[in-house]
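Novice: requesting a structural model of the entry that follows:
(chains A and B)
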Number of protein chains: 2
Amino acid sequence: MSKTVPVGVSARHIHLTEEHIEALFGPGYQLTPLKDLSQPGQYAANETVTVIGPRGQFDKVRILGPARPASQLEISRTDAFSIGLKPPVRESGNIEGTPGVTIKGPYGEVQLEEGVIIAARHIHFHTSDAAKWGIKDKQLLKVRVNGERGLVFENVIARVSDSFALDMHIDTDEANAAGLNNGDTAEIVD
Amino acid sequence: MSKTVPVGVSARHIHLTEEHIEALFGPGYQLTPLKDLSQPGQYAANETVTVIGPRGQFDKVRILGPARPASQLEISRTDAFSIGLKPPVRESGNIEGTPGVTIKGPYGEVQLEEGVIIAARHIHFHTSDAAKWGIKDKQLLKVRVNGERGLVFENVIARVSDSFALDMHIDTDEANAAGLNNGDTAEIVD
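Specialist: Modelled structure (predicted):
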(Lines give C-alpha, C1' and ligand atoms only; values in the text may rest on other atoms or scores of the structure.)
Protein backbone atom coordinates (compact mmCIF):
# COMPACT_ATOMS: atom_id res chain seq x y z
CA MET A 1 0.00 0.00 0.00
CA SER A 2 1.56 3.29 -1.06
CA LYS A 3 1.81 5.81 1.77
CA THR A 4 1.59 9.13 0.00
CA VAL A 5 1.58 12.36 2.02
CA PRO A 6 1.05 15.97 0.94
CA VAL A 7 3.96 18.31 1.66
CA GLY A 8 3.57 21.66 3.38
CA VAL A 9 6.55 24.01 3.20
CA SER A 10 6.94 26.15 6.31
CA ALA A 11 8.50 29.55 5.67
CA ARG A 12 9.90 31.36 8.69
CA HIS A 13 7.10 32.14 11.15
CA ILE A 14 6.39 32.86 14.78
CA HIS A 15 3.97 31.66 17.44
CA LEU A 16 3.23 34.11 20.26
CA THR A 17 1.72 34.03 23.72
CA GLU A 18 -1.26 36.27 24.46
CA GLU A 19 1.00 38.37 26.67
CA HIS A 20 3.50 38.91 23.83
CA ILE A 21 0.72 39.69 21.33
CA GLU A 22 -0.45 42.47 23.64
CA ALA A 23 3.11 43.72 24.22
CA LEU A 24 3.70 43.90 20.46
CA PHE A 25 0.28 45.08 19.23
CA GLY A 26 -1.30 46.79 22.23
CA PRO A 27 -3.47 45.92 25.24
CA GLY A 28 -6.35 43.55 24.47
CA TYR A 29 -5.18 42.98 20.89
CA GLN A 30 -6.44 39.84 19.13
CA LEU A 31 -4.88 38.26 16.03
CA THR A 32 -7.03 38.28 12.89
CA PRO A 33 -7.00 35.19 10.63
CA LEU A 34 -5.75 35.62 7.07
CA LYS A 35 -5.77 31.98 5.94
CA ASP A 36 -6.47 28.57 7.42
CA LEU A 37 -3.52 26.17 7.66
CA SER A 38 -3.58 22.41 7.07
CA GLN A 39 -3.92 21.61 10.79
CA PRO A 40 -7.48 22.16 12.10
CA GLY A 41 -7.85 25.43 14.05
CA GLN A 42 -4.44 26.79 13.03
CA TYR A 43 -4.23 29.90 10.85
CA ALA A 44 -1.81 32.41 9.34
CA ALA A 45 -2.64 35.80 10.84
CA ASN A 46 -2.74 39.10 9.01
CA GLU A 47 -0.27 40.39 11.58
CA THR A 48 3.48 40.24 11.13
CA VAL A 49 6.45 41.27 13.28
CA THR A 50 10.08 42.19 12.79
CA VAL A 51 12.63 39.74 14.17
CA ILE A 52 16.03 41.16 15.09
CA GLY A 53 19.09 38.90 15.50
CA PRO A 54 22.72 39.75 16.29
CA ARG A 55 23.69 40.15 12.63
CA GLY A 56 20.51 41.01 10.80
CA GLN A 57 16.75 41.16 10.84
CA PHE A 58 13.69 39.86 9.05
CA ASP A 59 10.75 42.15 8.43
CA LYS A 60 7.18 40.89 8.04
CA VAL A 61 7.59 37.55 9.77
CA ARG A 62 4.16 35.93 9.70
CA ILE A 63 2.43 35.14 13.00
CA LEU A 64 0.62 31.81 13.15
CA GLY A 65 -2.40 31.67 15.42
CA PRO A 66 -3.99 31.00 17.76
CA ALA A 67 -1.88 32.19 20.71
CA ARG A 68 0.27 29.51 22.39
CA PRO A 69 1.57 28.88 25.91
CA ALA A 70 5.13 29.82 24.81
CA SER A 71 6.41 32.06 22.04
CA GLN A 72 8.50 30.30 19.41
CA LEU A 73 10.28 31.51 16.28
CA GLU A 74 10.82 28.89 13.57
CA ILE A 75 13.47 29.68 10.97
CA SER A 76 15.54 27.76 8.46
CA ARG A 77 19.27 27.18 8.94
CA THR A 78 19.83 29.58 6.01
CA ASP A 79 17.81 32.21 7.91
CA ALA A 80 19.73 31.46 11.11
CA PHE A 81 23.13 32.11 9.50
CA SER A 82 21.81 35.27 7.91
CA ILE A 83 20.73 36.91 11.19
CA GLY A 84 23.54 35.43 13.29
CA LEU A 85 21.74 32.81 15.39
CA LYS A 86 22.59 29.15 16.00
CA PRO A 87 19.30 27.49 16.94
CA PRO A 88 19.12 23.70 17.32
CA VAL A 89 16.84 21.41 15.33
CA ARG A 90 13.91 20.79 17.67
CA GLU A 91 10.36 19.58 17.78
CA SER A 92 7.82 22.35 18.20
CA GLY A 93 7.33 23.20 21.87
CA ASN A 94 10.73 21.88 22.97
CA ILE A 95 12.51 25.20 23.40
CA GLU A 96 14.54 24.77 26.60
CA GLY A 97 18.04 26.17 26.16
CA THR A 98 17.38 27.57 22.68
CA PRO A 99 18.54 31.07 21.67
CA GLY A 100 16.41 34.15 22.19
CA VAL A 101 15.71 36.99 19.80
CA THR A 102 14.20 40.48 19.75
CA ILE A 103 10.66 40.83 18.36
CA LYS A 104 9.29 44.19 17.28
CA GLY A 105 5.66 45.02 16.62
CA PRO A 106 3.79 48.23 15.83
CA TYR A 107 3.11 48.86 19.54
CA GLY A 108 6.17 47.55 21.35
CA GLU A 109 9.12 45.21 21.56
CA VAL A 110 9.66 41.87 23.27
CA GLN A 111 12.97 40.27 24.17
CA LEU A 112 12.46 36.49 23.93
CA GLU A 113 14.87 34.78 26.31
CA GLU A 114 14.54 31.52 24.40
CA GLY A 115 12.33 30.07 21.67
CA VAL A 116 14.25 30.13 18.37
CA ILE A 117 14.32 26.72 16.70
CA ILE A 118 14.89 25.05 13.37
CA ALA A 119 11.82 22.83 13.21
CA ALA A 120 12.51 19.10 12.99
CA ARG A 121 10.80 17.67 9.90
CA HIS A 122 7.66 15.81 10.82
CA ILE A 123 4.41 14.39 9.55
CA HIS A 124 1.06 15.08 11.15
CA PHE A 125 -1.17 12.01 11.01
CA HIS A 126 -4.79 11.82 11.96
CA THR A 127 -5.13 8.79 14.25
CA SER A 128 -7.00 6.94 11.51
CA ASP A 129 -4.19 7.47 8.92
CA ALA A 130 -1.60 6.24 11.40
CA ALA A 131 -3.66 3.15 12.28
CA LYS A 132 -4.23 2.31 8.60
CA TRP A 133 -0.48 2.47 7.87
CA GLY A 134 0.74 0.96 11.15
CA ILE A 135 2.57 4.12 12.20
CA LYS A 136 3.07 5.09 15.84
CA ASP A 137 3.41 8.51 17.44
CA LYS A 138 7.12 9.56 17.67
CA GLN A 139 8.19 6.90 15.16
CA LEU A 140 11.07 8.03 12.90
CA LEU A 141 10.22 7.59 9.23
CA LYS A 142 12.01 7.64 5.90
CA VAL A 143 10.25 9.67 3.24
CA ARG A 144 11.13 9.67 -0.44
CA VAL A 145 10.80 12.64 -2.78
CA ASN A 146 10.97 12.08 -6.56
CA GLY A 147 12.29 14.39 -9.24
CA GLU A 148 15.61 15.80 -10.37
CA ARG A 149 16.48 16.75 -6.77
CA GLY A 150 15.06 13.47 -5.46
CA LEU A 151 16.14 12.35 -2.00
CA VAL A 152 15.08 10.32 0.99
CA PHE A 153 14.56 12.28 4.21
CA GLU A 154 15.42 10.21 7.29
CA ASN A 155 14.44 10.93 10.89
CA VAL A 156 11.04 12.32 9.91
CA ILE A 157 9.05 12.36 13.15
CA ALA A 158 5.53 10.93 13.16
CA ARG A 159 3.05 12.97 15.19
CA VAL A 160 -0.31 11.29 15.65
CA SER A 161 -3.47 12.90 17.01
CA ASP A 162 -7.23 13.03 16.49
CA SER A 163 -6.80 16.77 15.98
CA PHE A 164 -4.24 16.46 13.14
CA ALA A 165 -4.70 16.28 9.37
CA LEU A 166 -2.26 14.33 7.19
CA ASP A 167 0.57 16.70 6.17
CA MET A 168 4.36 16.56 6.08
CA HIS A 169 6.02 19.73 7.33
CA ILE A 170 9.47 20.70 6.11
CA ASP A 171 11.23 24.05 6.08
CA THR A 172 12.35 26.07 3.07
CA ASP A 173 15.91 24.65 3.07
CA GLU A 174 14.52 21.13 2.94
CA ALA A 175 11.95 22.04 0.28
CA ASN A 176 14.56 23.76 -1.85
CA ALA A 177 17.10 20.96 -1.47
CA ALA A 178 14.44 18.54 -2.70
CA GLY A 179 12.92 20.84 -5.34
CA LEU A 180 9.55 20.71 -3.56
CA ASN A 181 6.69 23.16 -3.60
CA ASN A 182 3.66 23.40 -1.35
CA GLY A 183 1.12 20.75 -2.27
CA ASP A 184 3.62 18.33 -3.82
CA THR A 185 3.61 14.83 -2.42
CA ALA A 186 6.15 12.47 -0.91
CA GLU A 187 6.11 8.79 -0.05
CA ILE A 188 6.79 7.10 3.27
CA VAL A 189 9.17 4.27 2.42
CA ASP A 190 10.11 2.95 5.85
CA MET B 1 34.50 -1.04 0.82
CA SER B 2 33.13 2.16 2.26
CA LYS B 3 33.02 5.02 -0.22
CA THR B 4 33.43 8.11 1.92
CA VAL B 5 33.63 11.54 0.30
CA PRO B 6 34.36 14.96 1.79
CA VAL B 7 31.60 17.52 1.37
CA GLY B 8 32.19 21.03 0.04
CA VAL B 9 29.35 23.50 0.51
CA SER B 10 29.08 26.03 -2.32
CA ALA B 11 27.73 29.39 -1.28
CA ARG B 12 26.43 31.62 -4.07
CA HIS B 13 29.28 32.53 -6.43
CA ILE B 14 30.04 33.63 -9.95
CA HIS B 15 32.39 32.60 -12.75
CA LEU B 16 33.28 35.33 -15.26
CA THR B 17 34.78 35.57 -18.72
CA GLU B 18 37.89 37.71 -19.22
CA GLU B 19 35.75 40.17 -21.15
CA HIS B 20 33.29 40.52 -18.26
CA ILE B 21 36.10 40.84 -15.69
CA GLU B 22 37.43 43.80 -17.67
CA ALA B 23 33.96 45.32 -18.08
CA LEU B 24 33.37 45.07 -14.32
CA PHE B 25 36.85 45.91 -12.97
CA GLY B 26 38.52 47.87 -15.78
CA PRO B 27 40.66 47.25 -18.88
CA GLY B 28 43.39 44.63 -18.41
CA TYR B 29 42.18 43.72 -14.91
CA GLN B 30 43.25 40.32 -13.53
CA LEU B 31 41.59 38.48 -10.62
CA THR B 32 43.74 38.01 -7.52
CA PRO B 33 43.53 34.69 -5.64
CA LEU B 34 42.28 34.77 -2.04
CA LYS B 35 42.11 31.02 -1.33
CA ASP B 36 42.62 27.77 -3.21
CA LEU B 37 39.54 25.59 -3.73
CA SER B 38 39.39 21.80 -3.57
CA GLN B 39 39.69 21.43 -7.34
CA PRO B 40 43.26 21.92 -8.59
CA GLY B 41 43.84 25.36 -10.16
CA GLN B 42 40.50 26.78 -8.97
CA TYR B 43 40.45 29.63 -6.45
CA ALA B 44 38.18 32.07 -4.65
CA ALA B 45 39.20 35.56 -5.74
CA ASN B 46 39.50 38.61 -3.53
CA GLU B 47 37.12 40.34 -5.94
CA THR B 48 33.35 40.35 -5.48
CA VAL B 49 30.45 41.78 -7.47
CA THR B 50 26.88 42.86 -6.86
CA VAL B 51 24.20 40.73 -8.52
CA ILE B 52 20.88 42.44 -9.24
CA GLY B 53 17.71 40.44 -9.91
CA PRO B 54 14.12 41.59 -10.58
CA ARG B 55 13.17 41.59 -6.88
CA GLY B 56 16.41 42.07 -4.97
CA GLN B 57 20.16 42.00 -5.03
CA PHE B 58 23.14 40.31 -3.41
CA ASP B 59 26.21 42.34 -2.54
CA LYS B 60 29.70 40.85 -2.31
CA VAL B 61 29.10 37.76 -4.41
CA ARG B 62 32.44 35.95 -4.56
CA ILE B 63 34.13 35.46 -7.94
CA LEU B 64 35.74 32.07 -8.48
CA GLY B 65 38.74 32.02 -10.80
CA PRO B 66 40.30 31.52 -13.19
CA ALA B 67 38.26 33.18 -15.97
CA ARG B 68 35.96 30.85 -17.92
CA PRO B 69 34.65 30.72 -21.50
CA ALA B 70 31.15 31.72 -20.28
CA SER B 71 30.00 33.69 -17.26
CA GLN B 72 27.80 31.75 -14.84
CA LEU B 73 26.08 32.69 -11.57
CA GLU B 74 25.38 29.80 -9.20
CA ILE B 75 22.78 30.44 -6.50
CA SER B 76 20.61 28.36 -4.22
CA ARG B 77 16.84 28.07 -4.75
CA THR B 78 16.42 30.12 -1.56
CA ASP B 79 18.59 32.84 -3.15
CA ALA B 80 16.65 32.59 -6.40
CA PHE B 81 13.28 33.23 -4.73
CA SER B 82 14.78 36.10 -2.78
CA ILE B 83 15.95 38.07 -5.85
CA GLY B 84 13.06 37.00 -8.09
CA LEU B 85 14.71 34.55 -10.49
CA LYS B 86 13.67 31.03 -11.53
CA PRO B 87 16.85 29.29 -12.66
CA PRO B 88 16.82 25.59 -13.48
CA VAL B 89 18.95 22.94 -11.78
CA ARG B 90 21.85 22.43 -14.19
CA GLU B 91 25.33 21.04 -14.46
CA SER B 92 28.01 23.69 -14.57
CA GLY B 93 28.56 24.94 -18.12
CA ASN B 94 25.09 23.95 -19.35
CA ILE B 95 23.50 27.40 -19.38
CA GLU B 96 21.45 27.47 -22.59
CA GLY B 97 18.03 29.01 -21.98
CA THR B 98 18.78 29.95 -18.36
CA PRO B 99 17.82 33.36 -16.95
CA GLY B 100 20.12 36.36 -17.12
CA VAL B 101 20.97 38.85 -14.41
CA THR B 102 22.68 42.22 -13.95
CA ILE B 103 26.23 42.20 -12.55
CA LYS B 104 27.78 45.32 -11.10
CA GLY B 105 31.46 45.85 -10.35
CA PRO B 106 33.51 48.84 -9.21
CA TYR B 107 34.24 49.87 -12.83
CA GLY B 108 31.11 48.94 -14.77
CA GLU B 109 28.03 46.83 -15.22
CA VAL B 110 27.30 43.75 -17.31
CA GLN B 111 23.90 42.45 -18.37
CA LEU B 112 24.20 38.66 -18.57
CA GLU B 113 21.69 37.38 -21.13
CA GLU B 114 21.85 33.89 -19.62
CA GLY B 115 23.96 32.01 -17.09
CA VAL B 116 22.05 31.80 -13.80
CA ILE B 117 21.78 28.23 -12.55
CA ILE B 118 21.10 26.21 -9.43
CA ALA B 119 24.05 23.82 -9.55
CA ALA B 120 23.14 20.13 -9.75
CA ARG B 121 24.77 18.26 -6.87
CA HIS B 122 27.79 16.34 -8.01
CA ILE B 123 30.95 14.60 -6.93
CA HIS B 124 34.34 15.28 -8.46
CA PHE B 125 36.38 12.09 -8.70
CA HIS B 126 39.99 11.81 -9.68
CA THR B 127 40.16 9.06 -12.32
CA SER B 128 41.92 6.79 -9.81
CA ASP B 129 39.14 7.17 -7.17
CA ALA B 130 36.49 6.39 -9.77
CA ALA B 131 38.36 3.31 -11.02
CA LYS B 132 38.87 2.02 -7.46
CA TRP B 133 35.15 2.30 -6.70
CA GLY B 134 33.86 1.27 -10.13
CA ILE B 135 32.21 4.62 -10.79
CA LYS B 136 31.75 6.03 -14.29
CA ASP B 137 31.64 9.63 -15.47
CA LYS B 138 27.99 10.93 -15.56
CA GLN B 139 26.76 8.07 -13.37
CA LEU B 140 23.94 9.06 -10.99
CA LEU B 141 24.77 8.15 -7.40
CA LYS B 142 22.96 7.92 -4.07
CA VAL B 143 24.82 9.51 -1.19
CA ARG B 144 23.94 9.12 2.48
CA VAL B 145 24.43 11.77 5.14
CA ASN B 146 24.21 10.79 8.82
CA GLY B 147 23.02 12.84 11.77
CA GLU B 148 19.79 14.30 13.07
CA ARG B 149 18.99 15.72 9.60
CA GLY B 150 20.22 12.54 7.92
CA LEU B 151 19.08 11.90 4.35
CA VAL B 152 20.04 10.18 1.13
CA PHE B 153 20.68 12.46 -1.83
CA GLU B 154 19.70 10.82 -5.13
CA ASN B 155 20.74 11.90 -8.62
CA VAL B 156 24.21 12.97 -7.50
CA ILE B 157 26.19 13.28 -10.73
CA ALA B 158 29.63 11.66 -10.93
CA ARG B 159 32.23 13.78 -12.71
CA VAL B 160 35.48 11.97 -13.38
CA SER B 161 38.74 13.54 -14.56
CA ASP B 162 42.49 13.40 -14.04
CA SER B 163 42.28 17.07 -13.09
CA PHE B 164 39.70 16.58 -10.30
CA ALA B 165 40.15 15.93 -6.58
CA LEU B 166 37.60 13.88 -4.64
CA ASP B 167 34.91 16.26 -3.32
CA MET B 168 31.11 16.33 -3.23
CA HIS B 169 29.64 19.73 -4.09
CA ILE B 170 26.25 20.73 -2.76
CA ASP B 171 24.67 24.15 -2.33
CA THR B 172 23.68 25.86 0.91
CA ASP B 173 20.05 24.67 0.75
CA GLU B 174 21.23 21.08 0.47
CA ALA B 175 23.83 21.52 3.21
CA ASN B 176 21.33 23.13 5.55
CA ALA B 177 18.63 20.55 4.85
CA ALA B 178 21.14 17.84 5.77
CA GLY B 179 22.78 19.73 8.66
CA LEU B 180 26.14 19.62 6.87
CA ASN B 181 29.16 21.88 7.19
CA ASN B 182 32.19 22.22 4.96
CA GLY B 183 34.56 19.31 5.54
CA ASP B 184 31.92 16.89 6.82
CA THR B 185 31.75 13.58 5.01
CA ALA B 186 29.07 11.57 3.23
CA GLU B 187 28.90 8.02 1.96
CA ILE B 188 28.14 6.78 -1.54
CA VAL B 189 25.59 4.00 -1.03
CA ASP B 190 24.59 3.13 -4.60
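Novice: how much space between residue A:87 and chain B?
Specialist: 12 Å (CB to the nearest CB, to the nearest Å). (Each C-beta comes from the backbone N, C-alpha and C, glycine too.)
Novice: what sits against that residue?
Specialist: A:75, A:80, A:98, A:99, A:116, A:117, A:118 (CB atoms under 8 Å, 6 or more residues apart in numbering or on different chains).
Novice: out of the residues you listed, who's the most crowded?
Specialist: residue A:75 (29 neighbours; other CB atoms under 10 Å in any protein chain shown).
Novice: ok, that one touching residue A:116?
Specialist: Yes. If you go by CB atoms under 8 Å, residue A:75 and residue A:116 touch, sitting 6.7 Å apart.
Novice: need the overlap of contacts for the two.
Specialist: Joint contacts of residue A:75 and residue A:116 (CB under 8 Å, 6+ apart) are A:85, A:87.
Novice: which residues of chain A lie near chain B?
Specialist: A:76-78, A:89, A:120-121, A:148-155, A:172-174, A:176-179 (CB under 8 Å from any CB of the partner chain).
Novice: try 7 Å this time
Specialist: A:76-78, A:89, A:148-155, A:172-174, A:176-177, A:179 (CB under 7 Å from any CB of the partner chain).
Novice: quick one: which of the residues you listed sit in helices?
Specialist: Using DSSP state H, A:77, A:78, A:172, A:173, A:174, A:176, A:177 are the members of the residues of chain A next to chain B that sit in helices.
Novice: can I get those residues in JSON lines including distance to residue A:2 and pLDDT?
Specialist: Output for these, formatted as JSON lines (distance: CB to CB, whole Å; pLDDT from 0 to 100):
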{"residue": "A:77", "distance to residue A:2": "31", "pLDDT": "98"}
{"residue": "A:78", "distance to residue A:2": "32", "pLDDT": "98"}
{"residue": "A:172", "distance to residue A:2": "27", "pLDDT": "98"}
{"residue": "A:173", "distance to residue A:2": "27", "pLDDT": "98"}
{"residue": "A:174", "distance to residue A:2": "22", "pLDDT": "98"}
{"residue": "A:176", "distance to residue A:2": "25", "pLDDT": "98"}
{"residue": "A:177", "distance to residue A:2": "23", "pLDDT": "98"}
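Novice: which among those end up buried?
Specialist: Buried by 16 or more other CB atoms under 10 Å in any protein chain shown: A:77, A:78, A:172, A:173, A:174, A:176, A:177, out of these.
Novice: make JSON lines from the residues you listed and add distance to residue A:94 to it.
Specialist: Shown next, in JSON lines, are these (distance: CB to CB, whole Å):
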{"residue": "A:77", "distance to residue A:94": "17"}
{"residue": "A:78", "distance to residue A:94": "22"}
{"residue": "A:172", "distance to residue A:94": "21"}
{"residue": "A:173", "distance to residue A:94": "20"}
{"residue": "A:174", "distance to residue A:94": "19"}
{"residue": "A:176", "distance to residue A:94": "25"}
{"residue": "A:177", "distance to residue A:94": "24"}
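Novice: could you single out the nearest of the residues you listed to residue A:106?
Specialist: residue A:172 (25.9 Å; CB to CB).
Novice: which residue packs closest to that closest one, ignoring adjacent ones?
Specialist: residue A:76 (4.9 Å; CB to CB, 6 or more residues apart in numbering or on different chains).
Novice: can you report how many residues lie near the one you found?
Specialist: 25.
Novice: domains in chain A, by residue range?
Specialist: A:11-119, A:121-189 (automatic domain parsing).
Novice: in chain A, which spans are helices?
Specialist: A:18-25, A:77-83, A:127-133, A:172-178.
Novice: deepest in the core, which of those is it.
Specialist: The highest mean neighbour count among the helices of chain A, using mean count of other CB atoms under 10 Å in any protein chain shown, belongs to helix A:172-178: a mean of 28.
Novice: who does that one touch, helix- and strand-wise?
Specialist: helix B:77-83, helix B:172-178 (3 or more CB pairs under 7 Å, 6 or more residues apart in numbering or on different chains; DSSP states H and E).
Novice: can you list the residues that contact the last one?
Specialist: Think helix B:172-178. A:76-78, A:173-174, A:176-177, B:9, B:11, B:76-78, B:121, B:145, B:149, B:151 (CB atoms under 7 Å, 6 or more residues apart in numbering or on different chains).
Novice: tell me the spacing between the residue nearest to residue A:172 and residue A:101.
Specialist: As judged by CB to CB, to the nearest Å, residue A:76 and residue A:101 stand 14 Å apart.
Novice: ok, now residue A:59?
Specialist: 14 Å.
Novice: tell me which of the two has more neighbours.
Specialist: residue A:101 (25 against 10).
Novice: flag the shaky bits of chain A, pLDDT-wise.
Specialist: Scanning chain A for pLDDT under 70 picks out nothing.
Novice: let's see 90
Specialist: A:1, A:190 (pLDDT under 90).
Novice: skipping adjacent residues, who's closest to residue A:137 in space?
Specialist: That would be residue A:160: by CB to CB, 6+ apart, it lies 4.1 Å from residue A:137.
Novice: bridging residues for the one you found?
Specialist: Beta-bridge pairing of residue A:160 under DSSP bridges involves residue A:125.
Novice: go on, residue A:73?
Specialist: Under the criterion used (DSSP bridges), residue A:73 bridges to residue A:14, residue A:116.
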